[in-house]
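K.L.:
Compute the structure for the input listed below.
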Amino acid sequence: MSTCPCPLCKTLPLKAPRSSRAGRLIIRTHTRHLLATYRATKRWFATVDRQARRGLARLAAGHVPLGKAGPSYTAVHIADWLVDWDATEAGARKYIGPHQVKVYGEAFGQAALLAKLKTPWNLQNRKAIEWSRRYVTPHMRDLVAETRLGIQRLITDGLERGLSVPQVAREMRRLESFSMNPGQARALGNYRTKLGAVQDRIGAALAESGGNAAEAGRLMRGKVPKAWIGQVRDGRFDVDGRVAKEAGRKARYRAEMIARTETSRAVSEGTLEGYAEAGVQMVRWEAAADACEVCAGWDGTVMTLAEGEGMIPEHSNCRCTWVPEEPAEAAVTPSEAAAEEEAEEEFVPGGFHQIQLFLRE
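P.N.:
I've put the predicted structure just below:
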């Protein structure tokens, strides 16, 4: 089975493709920068959470964004008031953007080298900045929009359960993180509902059994952990605490998903641009060794550079790569091997400070 953590790759059968030397060199760029991008995403999430907590504290204390409580309260209004979303977008560019550009530049240089073209650092800088203008800023807006919709969904869930705005604020403040997408926020609401239903069923079983935990367990037919029955009986079953921890897990998974997907996207786009600079006409899709069935089905497909643009990543956590399509893979000469070792060093061009300044504009 696949070792990829995404739900798609976990459920589909695996056809293990054979990786080429070029594919292994490209995928190293992805692996080398993945952890740094994940940490940068977590730092960005932390800034969003700090802003949201400050706003929630004001809501819980009775401060209202629209003058007075009433029907005009909506999740959209409250979410827009909680966080300075323009500052949040600037934070995404500050924390995630430089890593994206750095990965793109290194993938560009590696791909050009594989196509037998030695590229100067200033060309890699220029191409990375051009790509960032087309992609980084617009896509950071998409990530911010997803986060805003996730917070709206959390607020909507509380209001639909009949809570007042201060009660929603106090409940949300217990969450470990608010940086979820709408689907995760909806799933968190469903998780809370299920926990509440389980608590009610256990309470009914305990009432029927006269408070006997063992008898209540038999009435529940073993459908819940025994520890939960004791916790409900003793009043220690903390629904809010369990939901808070689940929110933290979902935020960490989203950070990992963003890091994997965005790193893969930067590697893919940088690779194609490097091939184009070197005059490569056709590229071949090479799936990762632990690819899911969808990506394994694309393995070996030959496309033009224009056809391949935007194809990878195929899904979240995708690690497929493009390799130049050649009649045969020539033997590696000692000079080429030495050049590849030099290219595998971390991409830190002299103009990287210029890239960071651009991203902060």
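K.L.:
which SS class is N317?
P.N.:
For N317, the assignment made with DSSP: H, G, I helix; E, B strand; the rest coil gives coil.
K.L.:
Which of the helices or strands spans the closest residue in space to Y135 that isn't next to it in sequence?
P.N.:
Excluding the flanking residues, the one nearest Y135 by CB to CB, 6 or more residues apart in numbering is E269, at 7.2 Å. From N, CA and C alone the C-beta is placed, and that goes for glycine too. E269 belongs to helix 239-277 when assigned by DSSP states H and E.
K.L.:
Likewise for A291?
P.N.:
Per DSSP H and E: A291 is located in neither a helix nor a strand.
K.L.:
how close does it get to T29?
P.N.:
18 Å (CB to CB, to the nearest Å).
K.L.:
Could you check the angle the helix or strand that the helix holding E269 is followed by makes with helix 239-277?
P.N.:
Counting by DSSP H and E, the element after helix 239-277 in chain order, helix or strand, is strand 282-286. Angle of strand 282-286 versus helix 239-277, following axes from the mean of the first three to the mean of the last three CA atoms, to 10 degrees, is 150 degrees.
K.L.:
Now tell me what touches strand 282-286 from outside.
P.N.:
17, 19-20, 22-23, 272, 275, 298-305, 308, 311-312, 320-325 (CB atoms under 8 Å, 6 or more residues apart in numbering).
K.L.:
May I have that strand as PDB, with CA atoms only?
P.N.:
Output of strand 282-286 as PDB, limited to C-alpha atoms (Å, rounded to 0.1, in the frame of the first residue of the first chain):
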ATOM      1  CA  MET A 282       8.800  17.000 -24.600                       C
ATOM      2  CA  VAL A 283       8.600  15.800 -21.000                       C
ATOM      3  CA  ARG A 284       7.500  12.500 -19.400                       C
ATOM      4  CA  TRP A 285       5.400  12.200 -16.300                       C
ATOM      5  CA  GLU A 286       7.200  10.200 -13.600                       C
END
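K.L.:
Buried residues, that strand. List them.
P.N.:
For strand 282-286, a neighbour-count test (16 or more other CB atoms under 10 Å) marks V283, R284, W285, E286 as buried.
K.L.:
Pull the most distant pair out of those.
P.N.:
Using CB to CB, the buried residues of strand 282-286 span at most 9.1 Å, a distance reached by V283 and E286.
K.L.:
quick one: the closest residue to S264 other than its chain neighbours and A128, what's the gap?
P.N.:
Among residues not flanking S264 along the chain, P313 sits closest, at 4.3 Å (CB to CB, 6+ apart). Distance, P313 to A128, using CB to CB: 19 Å.
K.L.:
neighbour count winner among the two?
P.N.:
Set P313 next to A128 and count neighbours by other CB atoms under 10 Å: A128 wins out with 30 against 19.
K.L.:
ok, that one touching V103?
P.N.:
No - assessed by CB atoms under 8 Å, A128 is found out of contact with V103, at 9.2 Å.
K.L.:
where in the stretch 251-361 of the chain is pLDDT low?
P.N.:
326-361 (pLDDT under 70).
K.L.:
swap that for the stretch 1-150 of the chain, sorry
P.N.:
Scanning the stretch 1-150 of the chain for pLDDT under 70 picks out the ranges 1-19, 64-73, 117-122.
K.L.:
Spell out, range by range, the helices that occur in it.
P.N.:
7-11, 21-60, 75-82, 85-95, 97-114, 121-134, 136-160 (DSSP state H, counting those that start in this stretch).
K.L.:
just so I know, which of those lies nearest A259?
P.N.:
Closest among the helices of the stretch 1-150 of the chain, using CB to CB: helix 21-60, at 3.8 Å.
K.L.:
Which elements pack onto the closest one?
P.N.:
helix 75-82, helix 85-95, helix 97-114, helix 165-172, helix 239-277, strand 321-324 (3 or more CB pairs under 8 Å, 6 or more residues apart in numbering; DSSP states H and E).
K.L.:
Distance check, the residue nearest to Y135 against H30.
P.N.:
The gap separating E269 from H30 is 12 Å, by CB to CB.
K.L.:
go on, S132?
P.N.:
S132 is 18 Å from H30, by CB to CB.
K.L.:
Please list all residues in contact with the one residue sitting closest to the centre of the chain.
P.N.:
In the chain, the centroid-proximal residue (CA atoms, centre = their mean) is I258; its distance is 2.2 Å. Counting by CB under 8 Å, 6+ apart, I258 touches T37, T41, I96, L143.
K.L.:
Would you reformat those as a markdown table and include neighbour count?
P.N.:
Shown next, in a markdown table, are these (neighbours: other CB atoms under 10 Å):
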| residue | neighbour count |
| --- | --- |
| T37 | 26 |
| T41 | 25 |
| I96 | 23 |
| L143 | 20 |
